[in-house]
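Q: just to be clear, the model below is a prediction. Sequence and coordinates:
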Amino acid sequence: MAWLRVVDALKAEVGTKVTVKGWIRTRRDSKAEGGLSFLNVHDGTCFDPIQVVCPGSLSNYASEISKLTTHCSVECDGTIVATPKGGKEISADPANGGAVRVIGWVDDPDHYPIQPKQHTMEFLRENAHLRVRTNTFGAVARIRHTLSMAMHRFYHERGFFYVHTPIITASDCEGAGQMFRVSTLDLMRPLPRVAPEQESAEAKKLREEFSKKPNMPAWTYGQVDHCKDFFGKEAHLTVSGQLNVETYCTALSRVYTFGPTFRAENSNTSRHLAEFWMIEPEIAFADLQADSELAEDFIKYLINACLTERADDMKFFDERIEKGLLTRLGHVLNTPFRRLPYTEAIKILEKAIAGGKKFEYPVKWGIDLQSEHERFLTEEHFKQPVILMNYPKQIKAFYMRLNPPGTDGAPGDTVAAMDVLVPGVGEIIGGSQREERLDVLDARITEMGLPIKEYWWYRDLRRYGTVPHAGFGLGFERAMMFITGMGNVRDVIPFPRTPGSAEF
RNA sequence: UCCCUGUUAGCUCAAUGGUAGAGCGACCGGCUGUUAACCGGUAGGUUGUAGGUUCGAGUCCUACACGGGGAGCCA
């Protein structure tokens, strides 16, 4: 008998002898025909389980099969047969060599957390090690894989190179938020609180002894001296691979990075994680328009991949997680994204307010748009993905390219930045054309009060054969939410890390 | 970090300040080619933690812990 995965067993010809290995989803019993049990067995290879029909004539029927509960593991030998309703199932009739072997029992089934019933997302989140055994999280896991693979394929097909940018960064110049410190110093040791000249001889001796040990923070009165730290300077977990990937862009033309990203912000929302995954492509000889076209093609490619490769899981999300999901995604797929200058967006919002629309925050050219404004534009006004472009320079990062004065008729300076907003999730992509002119870049760095010396290697890219280039960052978990309809970012990553929570 | 809200059986939730209950799940039995099965029965509780008010607290008060929703920050 050939061992087939459930996905293949469901496609096998009637009459094929097969073995399947997996876990019990449900068991139902009938007393007909001298005892009959129906086992739904799944192995995660597809959404549907396969039904194994177990007649009472099996030698272990009364002793084992009739006692199986959810998530007991089994090996089933049998023959593929047609069900009365036209599907496929496995007959484990011993007369034809059928057998069911129990591999692992579920201890104390009354207290096994994942019962065959509806659970809340909150409960399953607290059982993150077991939740992938449910329909929902099995589907999420498969979609997450499909999305990853589709993403690599999209870039590979277009001649991009995958660059592994570092996780640890020793430059504090990324400016994308609070960072986690990386250190081997033993910070459990207290720092001396007195000035060296006031230190007692005994304390001084103790301090000098400590300083000779490995991993001890060397200190200069009251301050940690990171020159004795592992990297010889203060180091952090990356908040973005962009600055690094730009270096490869200016030699390989089309590159992308995909990896974990860390933000130490105390954000407690359904859209934020302390550890998340981000995709950042970077294209040379390209402007913001090309960047926005790449972003649109990319999102559509991802949607299409999930719809065609995982129709079973997507159907489940449409039926049980977000009604109308497939219609929504189909609409996104078939409609060009709306491109809208920031300056125009402000006018639309002001017009809406004049028409009676109430917002908590005021709208005025020059201020950043709030969640409620973005939601209004993408969910109410346009009802489709919107790419907002050319933001006021004072609310955007230093590396974004300064537009010519008067772009879009704006009353102030703008930069070539874009945000892609989608209904339900909000900002899913943030990107820009990068400032390739060294003098303009330097002026921006200085203007924003950033330490220009720290940017020496980033500035070198502009000194040596500079080119216009652009890129963006797509939050992988936000893309997951958008495509699955899942409402909380903590439920689209296997083990979420959030403030106060790093269980598992 | 701020605002709102919640924590009672394995899970989801009830319970005027006065004997702690139901549905689902588990277990036992009945019925049945079943598939969110159905019918009957059994077991299952230090009501998040620590204080306080009261003759009496799941219920009122205080603090803390944890969860959820929203905001800010962003992806």
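A: Alright, I've got the coordinates.

Q: can you tell me the residue of chain A closest to RNA strand B?
A: Nearest residue of chain A to RNA strand B (C-beta to the nearest atom of the strand) works out as A:A32 at 2.4 Å. The C-beta positions use only the backbone N, C-alpha and C, and glycine is treated the same way.

Q: does A:C54 really touch A:N40, like I thought?
A: No - counting by C-beta atoms under 8 Å, A:C54 does not reach A:N40; the two are 11.6 Å apart.

Q: so which bits of the stretch 1-150 of chain A are right by RNA strand B?
A: Proximity of the stretch 1-150 of chain A to RNA strand B, by C-beta under 7 Å from any atom of the strand, involves residues A:26, A:28-33, A:36, A:38, A:40, A:51, A:53, A:67, A:69-70, A:81, A:83-85, A:89, A:91, A:109-111, A:113, A:115-117, A:119-120, A:122-123, A:125.

Q: could you identify the buried members of those residues?
A: Listed as buried from those are A:36, A:40, A:51, A:53, A:69-70, A:81, A:89, A:91, A:125; burial here means 16 or more other C-beta atoms under 10 Å.

Q: tell me the strands beside the longest strand seen in chain A, with direction?
A: In chain A, taking DSSP state E as the definition, the longest strand is strand A:17-30. Strand A:17-30 has the following strand partners under DSSP bridges: strand A:2-3 (parallel), strand A:36-42 (antiparallel), strand A:73-82 (antiparallel).

Q: relative to the whole chain's centre, how far out is the second one?
A: Once both centres are worked out by C-alpha atoms, centre = their mean, to the nearest Å, strand A:36-42 turns out to sit 35 Å from its chain's centre.

Q: the longest one now?
A: Once both centres are worked out by C-alpha atoms, centre = their mean, strand A:73-82 turns out to sit 37 Å from its chain's centre.

Q: in contact with A:R490, which residues?
A: A:125, A:270, A:273, A:496, A:498 (C-beta atoms under 8 Å, 6 or more residues apart in numbering).

Q: same deal with A:V386?
A: A:337-340, A:377-378, A:420-421.

Q: swap the cut-off to 10 Å and go again
A: A:V386 sits next to A:337-340, A:345, A:374, A:377-379, A:419-423 when contact means C-beta atoms under 10 Å, 6 or more residues apart in numbering.

Q: how much space separates it from A:I429?
A: 11 Å (C-beta to C-beta, to the nearest Å).

Q: now A:I483: how far from A:S63?
A: 46 Å.

Q: what pLDDT does the residue lying farthest from the centre of chain A get?
A: Going by C-alpha atoms, centre = their mean, the residue of chain A most distant from its centre is A:A201, 54.8 Å out. As predicted, A:A201 sits at a pLDDT of 74.

Q: cool, A:R28 as well?
A: 88.

Q: isn't it right next to A:V52, touching?
A: No - contact criterion C-beta atoms under 10 Å: A:R28 and A:V52 do not qualify, at 11.5 Å.

Q: contacting residues for A:G324?
A: A:G324 makes contact with A:318, A:331, A:485 under the criterion C-beta under 10 Å, 6+ apart.

Q: number of nearby residues for the residue lying closest to A:F285 once chain neighbours are set aside?
A: Setting aside the residues directly before and after it, A:F285 is nearest to A:V467 in space (C-beta to C-beta, 6 or more residues apart in numbering), at 5.6 Å. A:V467 sits with 14 neighbouring residues when counted by other C-beta atoms under 10 Å.

Q: residues in contact with A:V467?
A: Contacts of A:V467 (C-beta under 10 Å, 6+ apart): A:249-250, A:253, A:284-286, A:434, A:436, A:461.

Q: can I assume it sits in a strand?
A: No - assessed with DSSP: H, G, I helix; E, B strand; the rest coil, A:V467 is coil; it does not lie in a strand.

Q: distance of it relative to A:T26?
A: Distance from A:V467 to A:T26, by C-beta to C-beta: 60 Å.

Q: same thing with A:N390?
A: Taking C-beta to C-beta, one finds A:N390 at 56 Å from A:T26.

Q: my guess is A:I167 contacts A:M278, does it?
A: No - with contact defined as C-beta under 10 Å, A:I167 does not count as touching A:M278 (12.0 Å).

Q: which of those two has more residues huddled nearby?
A: With neighbours defined as other C-beta under 10 Å, A:I167 and A:M278 compare such that A:M278 has more, 20 against 14.

Q: contacting residues around A:S91?
A: A:51-55, A:78-81, A:98.

Q: ugh, wrong one, I meant A:V102
A: Applying C-beta under 10 Å, 6+ apart, the residues near A:V102 are A:24, A:60, A:63-65, A:67-68, A:72-75.

Q: picking that back up, so what pLDDT did the residue of chain A closest to RNA strand B get?
A: 74.

Q: re earlier: ok, A:I483 and A:S63, which is more surrounded?
A: Between A:I483 and A:S63, counted using other C-beta under 10 Å, the more crowded position is A:I483 (27 against 10).

Q: ignoring the adjacent residues along the chain, who's closest to the more buried one?
A: Spatial nearest neighbour of A:I483, chain neighbours left out: A:C306 (5.4 Å); criterion: C-beta to C-beta, 6+ apart.

Q: where does that neighbour land in three-state SS?
A: Classification of A:C306 using three-state DSSP returns helix.

Q: point out where the stretch 1-150 of chain A drops to low pLDDT.
A: Per-residue confidence for the stretch 1-150 of chain A (pLDDT under 70) gives these ranges: A:33.

Q: what segments of it are helices?
A: A:6-9, A:121-125, A:135-157 (DSSP state H, counting those that start in this stretch).

Q: pipe those helices into a markdown table and attach distance to A:V492 per row.
A: Converted to a markdown table, the helices of the stretch 1-150 of chain A look like this (distance: least, C-beta to C-beta, whole Å):
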| stretch | distance to A:V492 |
| --- | --- |
| helix A:6-9 | 22 |
| helix A:121-125 | 11 |
| helix A:135-157 | 6 |
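
Q: pick the most buried one from these.
A: helix A:6-9 (a mean of 20; mean count of other C-beta atoms under 10 Å).

Q: that's a helix at A:V239, yeah?
A: No - under the criterion used here (three-state DSSP), A:V239 is coil, not part of a helix.
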